[in-house]
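Novice: take this sequence and fold it.
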Amino acid sequence: MPDKIDDLIPNAREIQKEVAVKEAEKAEEYARRAAAAEAEKRALIERLSKPSGLTEAEKIKLASTVIQRAVRNGLTEVQVYRFPNTLCTDKGRAINQMEPGWQMTLTGIPKEIYQLWADYLQPRGYRIRYQIIDFPGGVPGDIAVIIAWGD
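Specialist: Residues are numbered from 1 along each chain as shown. Alright, predicted model coming up:
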């Protein structure tokens with residue numbers, strides 16, 4: 001009969017080993033997913049830190065489409081972009097402090113948007129605002145770009 005009991009009820013140490021193996025497999029899978037997510041985030045930031053590749057005409061047409069849609073919806077401003085603070089040379093500090101010359105900290109697409117506004121929208125009465133919109137861990141996080149035309 002002892003052989004049958006051993007077949008029916010496994011040794012507690014064997015079960016502990018199995019549980020440890022399962023937990024290690026879960027931890028490995030979590031680490032793989034976290035690494036993949038981090039790599040994806042780095043790739044996105046790398047892509048956003050470079051010029052968009054759009055022509056001036058394409059940028060103007062895109063801005064016009066976004067603005068016209070917002071106006072049709074009765075809005076007087078629209079968030080046109082959101083980006084991580086790592087696309088600023090100071091991680092968003094100057095924007096958060098509203099320091100003069102904050103726009104000099106912009107890189108990549110956020111810089112392109114500012115230049116498009118300065119060249120085409122500002123002369124037509126539009127305003128632009130770059131604003132920290134979240135503070136993970138109490139430090140500046142993502143930044144929103146808002147174009148406004150109302151009072």
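Novice: what about stretch 122-134, average pLDDT?
Specialist: What stretch 122-134 shows for mean pLDDT is 95.
Novice: output the below-cut-off pLDDT ranges for this structure.
Specialist: For the chain, the stretches flagged by pLDDT under 70 are 1-3, 37-39, 41-45, 47-49.
Novice: and the helices in it?
Specialist: Ranges of helices in the chain, per DSSP state H, are 2-8, 12-48, 56-72, 93-97, 108-116.
Novice: okay if I get these as a markdown table plus distance to residue 141?
Specialist: Every residue, glycine included, has its C-beta placed from N, CA and C. Formatted as a markdown table, these follow (distance: least, Cβ to Cβ, whole Å):
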| stretch | distance to residue 141 |
| --- | --- |
| helix 2-8 | 56 |
| helix 12-48 | 13 |
| helix 56-72 | 23 |
| helix 93-97 | 10 |
| helix 108-116 | 14 |
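Novice: just so I know, which of these lies nearest residue 133?
Specialist: Nearest to residue 133 among the helices of the chain is helix 93-97 (10.6 Å), distances taken as Cβ to Cβ.
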